[in-house]
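Chemist: attaching a predicted model along with its sequence, questions to come.
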Amino acid sequence: MPCVGDWLNSPLSIVQGIFAQNVPHSDWEKKVTEYFKEKLKENNATNWVPSLNDVPVHYLKPNSLVKFRCMVQDMFDPEFYMGVYETVDPNTNARVLHFGKYRDVAECGPQQEIDLNSSQTVTLERQTFYCVPVPGESAWVKEISFLTEPVQARVSPSTSYTPSRHKRSYEEDEDMDLHPSKQKEQHTGKSCCSGGDIHGCVEPKRLETEASAGHHVISPNCSPPLDLNFPLPGEKGPACLVKVYESWESFKVNDVLEVFGVLSVDPVLSIVNSEERDSSALDPMECMDTSEEQRVHSPPASLVPRIHVILAQKLQHINPLLPACLNEEESKTCEFVSNFMSELSPVRAELLGFLTHALLGDSLAAEYLILHLISTVYARRDVLPLGKFTVNLSGCPRSSAFTEHLYRLIQQLVPASYHLRMSIESMNHARLVPHKDYTANRLVSGLLQLASNTSLVIDETQLEQGQLDTAGVHNVTALGNLITWQKVDYDFNYHRMEFPCNINVLITSEGRSLLPSDCQVHLQPQIIPPNMEEYMSSLLTAVLPSVLNKFRIYLSLLRLLDYSISDEVTKAVEEDFVEMRKNNPESVTADDLHRMLLVARFLSLSAGQTTLSRERWLRAKQLEALRKARLQQQKCVNGNEL
Amino acid sequence: LAAQDARSPPSQKRRTDDSTSTGDLQPMPTSPPADVQSPGAADALFASPPQFRHSAIPLDFDISSPLTYGTPSSRVEGTPRSGIRGTPVRQRPDLGSVRKARQVDLHSDGLAEDIVATEQSLGQKLVIWGTDVNVASCKEKFQRFLQRFIDPLDKEDEDIGLDLNEPRYMQRLQEINMVGEPFLNVNCDHLRSFDENLYRQLICYPQEVIPTFDMAANEIFFDRYPDSILEHQIQVRPYNALKTRNMRNLNPEDIDQLITISGMVIRSSQLIPEMQEAFFRCQVCAFTTRVEIDRGRIAEPSVCKNCNTTHSMALIHNRSMFSDKQMIKLQESPEDMPAGQTPHTVTLFAHNDLVDKVQPGDRVNVTGIYRAVPIRVNPRVSSVKSVYKTHIDVIHYRKTDSKRLHGVDEETEQKRFTEERVEMLKELSKKADIYERLALALAPSIYEHEDIKKGILLQLFGGSRKDFTRTGRGNFRAEINILLCGDPGTSKSQLLQYVYNLVPRGQYTSGKGSSAVGLTAYVMKDPETRQLVLQTGALVLSDNGICCIDEFDKMNESTRSVLHEVMEQQTLSIAKAGIICQLNARTSILAAANPIESQWNPKKTTIENIQLPHTLLSRFDLIFLMLDPRDEGYDRRLARHLVSLYYQSEEKMEEEYLDMAVLRDYIAYARSYVNPRLGEEAGQGLIEAYVDMRKIGSGRGMVSAYPRQLESLIRLAEAHAKVRFSDKVEAIDVEEAKRLHREALKQSATDPKTGIVDISILTTGMSATARKRKEELAQALRKLIQSKGKAPSLKYQQLLDDLRAQSETAVTKEMFEEALRALADEDFLTVTGKTVRLL
């Protein structure tokens, strides 16, 4: 274990040190970030930082350095805070300067007062993001990133948090650390409100368990638990108020971030709330926010901890098997990429085999599924998103939970995914599009608020005939817009705001889907296993974990590659198109060419080639021809049946 | 109760990227040491001695009352000037209620170092503590401004009835005298052009300067109109501070300054009565006392001054003074939002008569003072939450779209362009190929379809608005409607999406998803207030814009019928839940329709292909078919275009075409500033074109053009003139209009059976030849039946077979049924089930 210095356990004391040295100059802030940047660069230091994703809040030390991998769900208004403030001791008139950065509460000693009129006070601005764990994050992502962490950052095995000796000792440590603040808190509790200490330490833990059990549990005599506003139902994990101090303009809603910062779970924050609520009738300053807004914007710190960000970076992907940043010209990254590229073709062959089995022996569909899984919107041309490749897998057997199992396999391959079962009921009642709640002043999340490159598997096989109501029509329209334009119109009540997205949509259906798609592949099962469940699970167990990891790397990595077409091939494609049109203008339209170019693109990339070759182009054409023939055939079959 | 002085935090320039800040104002000319925030004082920081614990307490005086200002003589009550005496003072809670400002006298000892003297002339110099504002000179300057400010060039919409060559604000005061509304709105821009320094003081110290302005205005007013009776003394309301700013640019530096921001009201609270002055009475001796609010708190007297009993003072609510207050949430306007971020909000406090001036949904420009207040964790605990709460005390509202539903106010609608931009646009308009260039810039990702793009381009510009109300014709539609129909997958939707994203007032709906209600307007009961609210739909929302309707053919009948009125009269009539009104819907419609069969059937007419009522179709100026051209050269170019799409970088693509922003500005400029009229030559050209069109058909006994087509031509020609920024419609415009119109007709109104352009396909839904054929068939059938002799009833199938045997051309069942129907209409026969009875 490397020396996990103070910078991990009490980063604020480090900040204090730097602050004290440099105080009159405002560059102490820069020095702080530089210090931590240096520290984190050291050999795998990032791994030593405990992650809020894996460790429950109450196992983490308050005011220690933590990391959090999350998606920006909402952005609150900027806050003004005391960047530097001065305390004064009324007895001795001694004045001390403090920094307010990375803190929620302006600390001062028991005998001191904050001089609000001091000329030394510096007001600064920071931005609060409401962050949730990446929606639909696959279990394996959580597991692997958890395993890469060192033993002491980990608290107990991920399987359960049953009390073990290990854990207890840790908690004792924590308690000891907490001691001073706890005492203080009890002290304040007695002096101000009798319920203070209950709020401060007992309640949060209960709420925490409740929240993790699913936020629909409502205890009879307790106010309804806070809706943590996860985009997907049944999600767990901490939501977090992330306070950003620098360049917050560069972050956008739905960006995936990894933040390193100071964890703040100061129980005082919760007291602030109750206090404010009680006194709201008295103090005119407090009544400007509704109680819902209060609840949402300053929830109990134990339930929604605060992170004061020291370093934050946008993540290109959340696959823990890949180096976090692939752009950099780092030798390590390059080495990793080139190593993997060298063994690409066997991995592809194996993946193809795996998916072929998963798709009941249909290798063509498997081929298309690979193309779909590595597709990503790489550019937008005025309104047209380029690089989206929505596949409609028609002809799925309806009876035997096939789509369910297929989704489970996909879940094993991609870092984030969601399975949307379409039914009249769900379409009429689901909340797909996020909307703004002006009473609580927050963006209420919807199913379609997903991070980039999330796989959305829409299951249409369960859809029955029936009447869609207004909400249902809106939901279906939203899905259609998502697929066609890769954007979601968030509902701001008085207007709509377009949020571009990048979501891979796979639709499984019996016949042609009612949703638009870029490409319809009709499934032709070669085998119908009598027991689908057994078949699929045996398929998964047959794959070695190391191979499975290679699949995962494969799919995430290829998505990030660049691509180009040489002039020569352009010419050839042109010729080809003209030739095809000459023979039968009906058969090939501009849309077909679009699709063929897409197929060619992903086909080349799936083989690790970053330019289009003639062979690939021909192969793409061949694939398309096969697919079309199959559709045609299907039409005929249906025609005969009718 | 009164805690420490909760002064707003000092502002300091922290954000380096902010160029609009007034940071240069921060260091004061001769700042006292207390205000120095320079790094120089560094070493002493931890042991800096308290600086404001002077034994000599500065002179406190009530800044909210104008009477207490200025020279000592005017502060003495009882020597007021004329009319001021009769008019009560009204407190201004918008200026931070009764904040005691310390005025510092130069002659006072011990305070010398705290004094800020900006003016060299000594004498009696009073400045307000912490500022460089000298009350007397400030007042004098403002009076000079009121009396002298003239700007004949600057015209605002409120200026109706003002003589611009007379001092503007003196006329305003006169207005106050007549109307009796004691508020004087002052445009800060005027003040700036008049006295830069005074303006700066106003922006930096609004709390101190505005009362001074009040005082100045009142003095002038009551000097002039000594007998005037007002509700209370005049309050000055400055607006338009700096330039109107985006909420996102607010930063700690703006605290306590006068700012103007724009945004949309999203929520407003109930009225909150705020205590201004508390009235206490002693329970023991009935001694009464008044306590004014101080920073949001009332200091309850703990001891009765009269009888010295402790805790005997009780608050008497009825005799306390309250003022109205309202909390409003303002959200930044959607246009100001950077992509991918959620909107910011800011809290406003409106006071007194500004309460309930705005409703949720209103777009407003707000001028007010930005405030930040520390949040105390607990009054008895020393730790403080390190965050400030911010809000704006509203001084002035200016609605930006109050006339939205009733008619567009052309003045406020006009987007302001910088001179360079206008110059650039004009330069662009002089290019000979500007029309082609713009058409090319439209949706560059969609390949070719040049005529369609040109049509849409003209639609974006629109014709000139004409008013024929006096001649009984009403408004003449200036908007151009376009229908695109054709094969699926010919990027119709993409074109619609592009247009929707291009125009500021675009709406996009799909025929499948929208109901008549969604398109027009509906009445909703507000769940809270139980008040009926008119909610507007897509068509009304796109007034003066473009409504894009995709899948037009999928729209149900009742929804479509709404469009009849909109597309010709450009209004929408609503009679629902007791609300009867006519809303403007001057919207152009860009619709896309798919053929009924999945593919366009070239053997059928447009009407047959898309199954839309011809009454609706004839309301479209241009109907384009988007079909796959089958031509090798086209294919080749298309292929190249698409391939480049799939690997070219975005920047490279941008270079090749006109920027979308330029295009948008170009259109906006032309729409608001160019209003072409028909020239003599053009008029002749149009007449000829119309006559020609009529002639084409007359030879074969059919009409091929109607006045509606002429109107379309005029609109198109006008739009083309707008593209050239020309004020006159000339022959070339007519030529292009003719060409485009013909092009569209050729595509959509060609009779598939004869290959002749036939407008009656669009106007009656059937080509003249088809009509003739139908008649012939009916006659043949009649003959056939008559030839059968006296049989009273005939078998249906039998008759059809006979007719088929007799006819040279193929007779379909539909045709046969149509013929039967025609004969039934003539009362020749009736059809019941499978038998045909003669009458």
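Modeler: Received it, and whenever you're ready, just let me know what you need.

Chemist: list the buried ones in stretch B:724-732?
Modeler: B:724, B:725, B:726, B:729, B:730, B:732 (16 or more other C-beta atoms under 10 Å in any protein chain shown). Bear in mind the C-beta positions are built from the backbone N, C-alpha and C, glycine included.

Chemist: can you list contacts of it?
Modeler: Outside stretch B:724-732, the residues within contact range by C-beta atoms under 8 Å, 6 or more residues apart in numbering or on different chains are B:425-426, B:429, B:434-435, B:670, B:674-679, B:681-682, B:685, B:717-718, B:720-721, B:733.

Chemist: can we see that at 10 Å?
Modeler: Counting by C-beta atoms under 10 Å, 6 or more residues apart in numbering or on different chains, the neighbours of stretch B:724-732 from elsewhere in the structure are B:425-426, B:428-432, B:434-435, B:463-464, B:666, B:669-670, B:673-686, B:714, B:717-722, B:733, B:737.

Chemist: may I have it as PDB, with CA atoms only?
Modeler: Presented in PDB, the C-alpha positions along stretch B:724-732 are these (Å, rounded to 0.1, in the frame of the first residue of the first chain):
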ATOM      1  CA  ARG B 724     -33.000  40.300 -53.500                       C
ATOM      2  CA  PHE B 725     -33.700  42.900 -50.800                       C
ATOM      3  CA  SER B 726     -35.600  44.900 -53.500                       C
ATOM      4  CA  ASP B 727     -38.500  47.200 -52.700                       C
ATOM      5  CA  LYS B 728     -40.000  46.700 -56.100                       C
ATOM      6  CA  VAL B 729     -41.200  43.500 -57.700                       C
ATOM      7  CA  GLU B 730     -39.700  43.300 -61.100                       C
ATOM      8  CA  ALA B 731     -40.000  41.200 -64.200                       C
ATOM      9  CA  ILE B 732     -37.300  38.700 -63.100                       C
END
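
Chemist: now it: mean pLDDT?
Modeler: Averaging the model's pLDDT scores along stretch B:724-732 yields 81.

Chemist: among the contacts of stretch B:724-732, which lie within strands?
Modeler: B:677, B:678 (DSSP state E).

Chemist: show me the contacts of stretch B:724-732 that map onto helices.
Modeler: Taking DSSP state H, the ones among the contacts of stretch B:724-732 that sit in helices are B:425-426, B:428-429, B:434-435, B:666, B:669-670, B:673, B:680-686, B:714, B:717-722, B:733, B:737.

Chemist: of these, select the buried ones using a ChimeraX command.
Modeler: Of the ones in helices among the contacts of stretch B:724-732, the buried ones go into a single ChimeraX selection, burial set by 16+ other C-beta under 10 Å:
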select /B:425,428,429,434,435,666,669,670,682,685,686,714,717,718,719,720,721,722,733,737
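
Chemist: re earlier: relative to residue A:129, which of the buried residues of stretch B:724-732 is nearest.
Modeler: Distance ranking of the buried residues of stretch B:724-732 against residue A:129, using C-beta to C-beta, places residue B:725 first at 46.6 Å.

Chemist: confirm the closest one sits in a strand?
Modeler: No. Secondary structure of residue B:725, determined by DSSP: H, G, I helix; E, B strand; the rest coil: coil, with no strand assignment.

Chemist: any idea how far it is from chain A?
Modeler: Distance of residue B:725 to chain A, computed by C-beta to the nearest C-beta, to the nearest Å: 25 Å.

Chemist: with residue B:557 instead?
Modeler: Distance of residue B:557 to chain A, given as C-beta to the nearest C-beta: 18 Å.

Chemist: ramachandran angles for that residue?
Modeler: phi -60, psi -50 (degrees, to the nearest 10).

Chemist: does it touch residue B:613 like I think?
Modeler: Yes. Proximity of residue B:557 to residue B:613 meets the contact threshold set by C-beta atoms under 10 Å, at 8.5 Å.

Chemist: the more surrounded of those two?
Modeler: Just comparing residue B:557 and residue B:613: by other C-beta atoms under 10 Å in any protein chain shown the higher neighbour count belongs to residue B:613, 13 against 8.

Chemist: how long is stretch B:428-446 end to end?
Modeler: With C-alpha to C-alpha, to the nearest Å as the measure, the ends of stretch B:428-446 fall 23 Å from one another.

Chemist: that one near chain A anywhere?
Modeler: Yes. Stretch B:428-446 is in contact with chain A by C-beta under 10 Å from any C-beta of the partner chain, via B:442, B:443, B:444, B:445, B:446.

Chemist: and the longest strand along chain B, what's buried?
Modeler: For chain B, the strand that runs over the most residues, judged by DSSP E, is strand B:258-282. For strand B:258-282, the buried set under the neighbour-count rule, 16+ other C-beta under 10 Å, comprises B:258-269, B:272, B:274-282.

Chemist: filter these by proximity to chain A?
Modeler: Residues shared between these and the neighbourhood of chain A are B:264, B:265, B:266, B:267, B:269, B:272, B:274, B:275 [C-beta under 10 Å from any C-beta].

Chemist: hmm, residue A:375 is touching residue A:603, no?
Modeler: No. Contact status for residue A:375 versus residue A:603: not in contact, 11.2 Å apart, counting by C-beta under 10 Å.

Chemist: can you tell me how far the closest residue to residue B:354 other than its chain neighbours is from chain A?
Modeler: If the residues on either side of it in the chain are set aside, residue B:354 comes closest to residue B:394, at 5.5 Å by C-beta to C-beta, 6 or more residues apart in numbering or on different chains. Counting by C-beta to the nearest C-beta, the separation of residue B:394 from chain A is 13 Å.

Chemist: quick one: mean pLDDT over whichever strand or helix holds residue B:394.
Modeler: Taking DSSP states H and E as the criterion, residue B:394 maps to strand B:384-399. Strand B:384-399 carries an average pLDDT of 81.

Chemist: quick one: it to strand B:258-282, angle?
Modeler: The directions of strand B:384-399 and strand B:258-282 differ by 110 degrees, with axes from the mean of the first three to the mean of the last three C-alpha atoms, to 10 degrees as the criterion.

Chemist: which non-adjacent residue is nearest residue A:464?
Modeler: Distances taken as C-beta to C-beta, 6+ apart place residue A:424 nearest to residue A:464, at 6.1 Å, with adjacent residues excluded.

Chemist: residue B:818 belongs to a strand?
Modeler: No. Residue state for residue B:818 (three-state DSSP) corresponds to helix; a strand is not indicated.

Chemist: so who does the spatially closest residue to it that is not a sequence neighbour touch?
Modeler: For residue B:818, the nearest residue in space outside its immediate sequence neighbours is residue B:774; the separation is 6.1 Å by C-beta to C-beta, 6+ apart. Applying C-beta under 10 Å, 6+ apart, we find residue B:774 in contact with B:766, B:815, B:818, B:819, B:821, B:822.

Chemist: who wins for neighbours among the residues you listed?
Modeler: Each of the contacts of residue B:774 was scored by neighbours using other C-beta under 10 Å; the highest score is residue B:819's, at 21 neighbours.

Chemist: from residue B:787, how far off is that residue?
Modeler: 15 Å (C-beta to C-beta, to the nearest Å).

Chemist: just to revisit the earlier point, chain A: which of the residues of stretch B:428-446 next to chain A is nearest?
Modeler: Checking these against chain A with C-beta to the nearest C-beta, the nearest one is residue B:445 at 4.1 Å.

Chemist: what's the closest residue to the closest one other than its chain neighbours sitting at in phi/psi?
Modeler: On the basis of C-beta to C-beta, 6+ apart, the spatially nearest residue to residue B:445 that is not a chain neighbour turns out to be residue A:381, at 4.1 Å. Dihedral pair for residue A:381: phi -110, psi 120, per degrees, to the nearest 10.

Chemist: quick check: bridge partners of residue A:381?
Modeler: Using DSSP bridges, the bridge partners assigned to residue A:381 are residue A:384.

Chemist: my read: it touches residue B:447, true?
Modeler: No. Counting by C-beta under 10 Å, residue A:381 sits too far from residue B:447 to count as a contact (11.4 Å).
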